[in-house]
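Q: build me a model from this:
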Amino acid sequence: MPAFRKYRFMAMRRLSQVSIMLLFVGGNMLGWHVLRGNLSSSMVLNTVPLSDPFAVLQIFAAGQIVSAEALIGAAIIILFFGLLAGRTFCSWVCPLNIVTDLANWLSEKTGLEASGKAAMMNRKARYWIIVLSLVVSLATGIAAFEWISPVSMLHRGLIFGVGMGWTIVMAVFLFDLLLVRHGFCGHLCPLGGFHAFITRFSLVRVRHSSEKCTLCMKCLKICPEPQVLPMVGKASSAVLSGECTNCGRCIEVCGDDAMEFGTRFVQGKNKTNIA
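A: Numbering: from 1, shown residues only. Below is the predicted model of the structure:
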C-alpha cells in the first residue's frame, strides 16, 4: 500500500490540528482576526462565537451566569458536530490527540504495548467522570473539569508558553505509554464522552462493506475505539456509535477497500445497521 494512501487521513488530521492551533496563536498573539480565544470559548472573524458545550454545562451547574454569546456558541458546536461531523473534535481538532497518538505509537514500536498494557479500564468511566464533574461544579461553584483539563492546559501552554499544566499533559502521555492503550482519550476524557453523547445521530460516518471484507481485522487492531466495529465480519453497516472519532485509521489500513467515509445511511445489498 503506498505510504500516502496509508497515512492520508493522519496527514489531514495533523494539518487540521496544527492549522487550528496556529490560527489561535495568531489571533491571541499577533492580532489576527480569523480565530481568537481558546477551545472553551472563541470568536471566528470577530463575529461568530464558538463555545465548548461541556464547559457551558459545567458553568450552569456551578450556578454562574452564562452569556447569550456563550449559549449561541455552544449551540453552533452541538449542531455542527451533533448533526454533521460526528466526534471529529477528538481526532481532527483536539491538540491532546497528537500527544496520545505519539504515546501509543511509541508503546507499539518499543514493545511496551505488550508488556505494560495489562491494566484494564472500563470505557464507561468517562461518562461517570462527566457526572462527577457536574456534581463537583455544583458543590464548589466552579467549572470543575476546566480547572484540570489536560486539553485546556495543553492549548494554553502552546499559546502562552510553558506552565505547570505541562505536568498533567506529561502524565497523560505516560499513562497512555505505560499503562493503558488509548487510556485517556478512549477511557477517561469526559470531553470525549460528552462529544460521543451528542454525536450519536450525526450524518458523517465510516461505512463497512462485508462483501469486500476479507476478515484481516487490521481495522479492529488499529481503531482507538474498537467497540464501535461490531459489524466487521458480519454485515455491511455504517458505524453508528457516537464513540467513533471518524479518524479514518480503519480506512487507511484496509487493503480491501471495505471501509470508507460516507453517511449513516448504508447503501448496498445488505443494509443492516449495527450500532
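Q: hey, let's count contacts and neighbours off CA atoms from now on
A: OK.
Q: in what helix or strand does residue 233 lie?
A: Under DSSP states H and E, no helix or strand contains residue 233.
Q: can you tell me which residues contact it?
A: Shown in contact with residue 233 (C-alpha atoms under 8 Å, 6 or more residues apart in numbering): 210, 213-215.
Q: what do you get for residue 33?
A: 27, 44-46.
Q: which of the residues you listed sits closest to residue 99?
A: Using C-alpha to C-alpha, residue 27 comes nearest to residue 99 of the contacts of residue 33, at 23.2 Å.
Q: state the helix or strand in which the nearest residue to that closest one once chain neighbours are set aside lies.
A: Setting aside the residues directly before and after it, residue 27 is nearest to residue 36 in space (C-alpha to C-alpha, 6 or more residues apart in numbering), at 4.6 Å. Here residue 36 sits within strand 35-37, counting by DSSP H and E.
Q: elements contacting that strand?
A: On a contact count with 3 or more C-alpha pairs under 8 Å, 6 or more residues apart in numbering; DSSP states H and E, strand 35-37 meets helix 3-29, strand 41-44.
Q: quick one: closest of those to residue 147.
A: strand 41-44 (14.4 Å).
Q: next SSE after the closest one?
A: Next along from strand 41-44, by DSSP H and E: strand 48-51.
Q: sheet-wise, list the partners of that following strand with their directions.
A: Applying DSSP bridges, strand 48-51 is found paired with strand 41-44 (antiparallel).
Q: let me know the average pLDDT across the strand it pairs with.
A: Mean pLDDT, computed over strand 41-44, is 95.
Q: pull out the buried residues from it.
A: The neighbour-count check on strand 41-44 (16 or more other C-alpha atoms under 10 Å) flags 41-43 as buried.
Q: same thing with stretch 154-168?
A: If you call a residue buried by 16+ other C-alpha under 10 Å, then stretch 154-168 has these buried ones: 154-159, 165-166, 168.
Q: what's in contact with that stretch?
A: The contact list for stretch 154-168 (C-alpha under 8 Å, 6+ apart) reads 21, 24-25, 28-29, 38-39, 95-96, 150, 153, 169.
Q: what does stretch 82-92 give?
A: With C-alpha under 8 Å, 6+ apart, stretch 82-92 has contacts from 13-14, 16-17, 81, 97, 185, 192, 195-196, 198-205, 242-247.
Q: many thanks, we can stop here.
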